[in-house]
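Undergrad: Sequence and predicted structure, then a few things I'm wondering about:
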Amino acid sequence: MHDPDTYFSIAAESHGYYREKASKFISFAFPVTSEQMVKDHLQQLRKKYHDADHYCFAYQIGFPESDSRTSDDGEPAGSAGKPILGQILSRGLCDILVVVIRYFGGTRLGIPGLINAYRCAARDALDHSTTIFKVLEDFFEISFPYESLNPVMQILKKKQAVIKHRVLDQVCTLQFSVRKSQCKLVINKLNTIRNIYVYQISS
C-alpha cells in the first residue's frame, strides 16, 4: 500500500518478444505522459517496422484520474489491446504505453491463441523494464520581503520542497515544488509569515 500521491511507472523504454506458430510478436514499453507522446511512438514504430501486419497497443496516462485506451489494429475485437492493458493493470502502472507489433506467420492462432500471444509479448517487455516510484507534485510561486527569507527557507526545507527558481532582492521570489500530500501544510505555514503572497502555478 503506497501513499495517495505516489504511483508506479517505468524508467525507460524496454523491449520484449514472443513467437507462436511462425508469427512474431515484438513488444515495446514506453514511459509517456501525454497522448501526443503515444502518437509519436506509434508513428516511429510504424515507420521502422513498416512491413508488419498489426500494431496493437494499450496505454494508461495520469494519476489518480487515469485515461486508458486500447487498440486491436485489425485483430479480432478484444484479442490484443485488452490483454496488453491487462498486463499494465496487473502491475499497477501509470504513464505507460505498451505496443506489440505482429508479423503474421501464415497460421491463424484463433482468439485464445492471440490473447495469449499478445499477453505474453506485453509481459516480456514489462519484465525487461525498470519500475520506478513517482510522486505527484504541485508547483507554487511566492513573493515576500527579504527579511522573511530565513523562516521561508526553514519551512520549505522541513517539508522537502524543491526550489526551481529564485530571485533574492528587497522583494524575493521563489518557485518551488512540493509533494501533493504536503501542499496544504506548507501553504498554511507560509501564510503565517507577514506580507507573503502565494500562487499556484503549472509545472
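TA: It's in.
Undergrad: Can I get the helix or strand Pro112 falls within in CSV? Just the C-alpha atoms.
TA: Using DSSP states H and E, Pro112 falls within helix 110-127. Extracted in CSV, the C-alpha atoms of helix 110-127 (Å, rounded to 0.1, in the frame of the first residue of the first chain):
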residue,chain,number,x,y,z
GLY,A,110,-7.6,-18.2,-33.0
ILE,A,111,-8.8,-15.7,-30.5
PRO,A,112,-7.5,-17.7,-27.4
GLY,A,113,-4.1,-18.0,-29.1
LEU,A,114,-4.0,-14.3,-29.9
ILE,A,115,-4.9,-13.3,-26.4
ASN,A,116,-2.1,-15.5,-25.0
ALA,A,117,0.4,-14.2,-27.6
TYR,A,118,-0.3,-10.5,-27.0
ARG,A,119,-0.3,-11.1,-23.2
CYS,A,120,3.0,-12.9,-23.3
ALA,A,121,4.6,-10.3,-25.6
ALA,A,122,3.5,-7.4,-23.4
ARG,A,123,4.6,-9.3,-20.3
ASP,A,124,8.1,-9.8,-21.7
ALA,A,125,8.5,-6.1,-22.5
LEU,A,126,7.4,-5.2,-18.9
ASP,A,127,9.7,-7.9,-17.4
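Undergrad: Determine how far it lies from the middle of the whole chain.
TA: Computed by CA atoms, centre = their mean, to the nearest Å, the separation of helix 110-127 from the middle of its chain amounts to 22 Å.
Undergrad: buried residues in it?
TA: Residues 114-126 are the ones in helix 110-127 that count as buried (16 or more other CB atoms under 10 Å). Heads up, the C-betas are built off the backbone N, CA and C, glycines and all.
Undergrad: All set now, cheers.
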